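Colleague: take a look and give me a structure for this.
(2 chains)
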Amino acid sequence: MTSGDHLLPIESAIEDEGLFFTRDDDDEALRITFKSEGDRYFVVGYRDDPNFVMIGSGWSLPNDVDLAAATGIANGLNVRKKFVKTAIWEEESDALFTIELCVESAGEIRSHFGRLLDALRDTAGEFFAALGHDEASE
Amino acid sequence: MSVAADLARFIEGEGHRTEISPTEGVGELSEIVFRTRGQMFSISVSELEPNRFTLSTAYEVPEWLKDRSHAIDVLSDVERDYPETRFVLAHDDTIFVATVEYEAADMATFFKHFWNVIGRLRDAGNAAVERIVDRSESKAAADKFIRQFMKGER
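Modeller: This next block holds a predicted model:
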């Protein structure tokens, strides 16, 4: 296990975007949460795996959503999208949009952070448009 | 709480850092500046007209663009597609500013539509940039081709 905070460059990237953030670390994981245009995002890293970084957003699906249809839309997006993985957590009725990266340093992400946020935002937008819903609660 | 402070608090609640600067007299006209999706936006509001907001964002005109009249033509075209948006060239035509005047019934209504208004303003600005760049590049490529053609290089 390493003790370094390898998500510090992500904090800088979030500041570059003009956004606030909060930290919520524990013994195993490093976590950052932040909002952009009112939507909530997270960044996760693991102390024992400093090369792994996950950036994502999660949304609660409306009660009347057909989960099979939602899964079908997610699968379609997963085929088409370069960065973003869309997952339906059926038990929680949540949709999760994530980008998982393997990097030498999280500093490599900093200059591309805006693009990654756009990719997450666009994928969520496409998902809910295909589902015929406005974006649900986070 | 002033209208400007109320608006800044809303934007900060949405996750964005803001700066407020009074631009005219004490407590009259204020400008709130924030950044989203890599672009700076400013909102001007007067305490005397608390439901009227002026939202603006600026884009650079590409330095290599020789024909400024082309930019003016494009901005006029884009204004037809986005009739709520006004474009103005500024700083010796090195930038253009896209502006929307928004009058809301009240602050709550403005907040409800806030990101849609910002999104629409961004779309208008991006459309203008794309058209300025696309047509200039096409024209430059055509000019280059003709020059080469006339020299017998093509």
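
Colleague: what's the pLDDT at B:Lys139?
Modeller: pLDDT recorded at B:Lys139 is 66.

Colleague: kindly report the same for B:Gly27.
Modeller: So B:Gly27 comes in at 57 (pLDDT).

Colleague: likewise for A:Leu117?
Modeller: pLDDT, read off for A:Leu117, is 97.

Colleague: same thing with B:Asp92?
Modeller: 85.

Colleague: same check on A:Phe34?
Modeller: Looking at A:Phe34, the pLDDT reads 98.

Colleague: how far away from the center of its chain is stretch A:56-73?
Modeller: 16 Å (C-alpha atoms, centre = their mean, to the nearest Å).

Colleague: just the terminal-to-terminal distance for stretch B:36-50.
Modeller: 23 Å (C-alpha to C-alpha, to the nearest Å).

Colleague: mind checking the pLDDT average for that stretch?
Modeller: Stretch B:36-50 comes out at a mean pLDDT of 94.

Colleague: report the buried residues of that stretch.
Modeller: By 16 or more other C-beta atoms under 10 Å in any protein chain shown, the buried positions in stretch B:36-50 come out as B:36-37, B:39, B:41-46, B:50. Just so you know, the C-beta spots here come from the backbone N, C-alpha and C atoms, and that holds for glycine as well.

Colleague: mind putting these in TSV, distance to B:Val129 and secondary structure included?
Modeller: Listed next are the buried residues of stretch B:36-50 as TSV, based on distance: C-beta to C-beta, whole Å; DSSP: H, G, I helix; E, B strand; the rest coil:
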residue	distance to B:Val129	secondary structure
B:Thr36	17	strand
B:Arg37	14	coil
B:Gln39	11	strand
B:Phe41	15	strand
B:Ser42	18	strand
B:Ile43	21	strand
B:Ser44	23	strand
B:Val45	27	strand
B:Ser46	30	strand
B:Pro50	33	strand
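
Colleague: can you narrow these down to the ones near chain A?
Modeller: Contacts with chain A within the buried residues of stretch B:36-50, counted by C-beta under 8 Å from any C-beta of the partner chain: B:36-37.

Colleague: between the buried residues of stretch B:36-50, which sits nearest B:Val3?
Modeller: B:Pro50 (4.3 Å; C-beta to C-beta).

Colleague: how about stretch B:8-27, does it reach chain A?
Modeller: Yes. Counting by C-beta under 8 Å from any C-beta, chain A is contacted by stretch B:8-27 at B:12-17.

Colleague: of those, grab the buried ones for PyMOL.
Modeller: Buried members of those, defined by 16+ other C-beta under 10 Å, are picked up in PyMOL with:
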select buried, chain B and resi 12+14+15+16
